[in-house]
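Enquirer: need coordinates for the following:
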Amino acid sequence: MSSSPDWDVIVIGAGIGGLVTASQLAAKGAKVLVLERYLIPGGSGGSFKRAGYTFDVGASMIFGFGQKGHTNLLTRALADVGEHCDTIADPVQLEYHLP
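Expert: Presented below is the predicted three-dimensional model:
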């Protein structure tokens with residue numbers, strides 16, 4: 001029996017955070033196992049259907065899809081596994097109203 005583990009890392013939860021973490025570790029050569037108790041991955045980034053309608057259960061705005069800088073983790077994670085996500089840029093994003 002081998003004493004070396006089958007996995008370097010086990011990620012519990014296949015939401016956006018778990019999937020990004022797992023993809024970044026795998027891109028760097030780690031053997032990663034992702035465990036999810038629900039039928040499909042995505043966590044709060046998913047949807048469900050009722051009576052012919054599809055309901056989004058995720059966030060309305062997700063940061064991390066930029067093309068430059070250090071806050072584009074989702075863009076880099078997708079690129080590491082050969083994927084790309086088209087997005088709609090929000091030129092305002094945050095607006096401050098100070099007295």
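Enquirer: and the residue at minimal distance from the centre of the chain, how far from Ala30?
Expert: Using Cα atoms, centre = their mean, the residue of the chain that lies closest to the mean C-alpha position is Ile16, 2.8 Å off. Separation of Ile16 from Ala30 (Cβ to Cβ, to the nearest Å) stands at 19 Å. Backbone N, C-alpha and C define where each C-beta goes, glycine included.
Enquirer: same thing with Val92?
Expert: Counting by Cβ to Cβ, the gap from Val92 to Ala30 is 38 Å.
Enquirer: what packs against whichever helix or strand Arg76 is part of?
Expert: Element membership for Arg76 (DSSP states H and E) is helix 73-80. Here helix 73-80 touches helix 16-27, going by 3 or more Cβ pairs under 8 Å, 6 or more residues apart in numbering; DSSP states H and E.
Enquirer: ok, then the element right after the helix it packs on?
Expert: strand 32-35.
Enquirer: with just CA atoms, put the next helix-or-strand element following that following strand into PDB.
Expert: Per DSSP H and E, the first helix or strand lying C-terminal to strand 32-35 is strand 47-50. Taking C-alpha atoms only, strand 47-50 is exported to PDB below (Å, rounded to 0.1, in the frame of the first residue of the first chain):
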ATOM      1  CA  SER A  47     -29.800  29.100 -11.100                       C
ATOM      2  CA  PHE A  48     -32.900  27.000 -10.700                       C
ATOM      3  CA  LYS A  49     -36.100  26.500 -12.800                       C
ATOM      4  CA  ARG A  50     -39.700  26.500 -11.600                       C
END
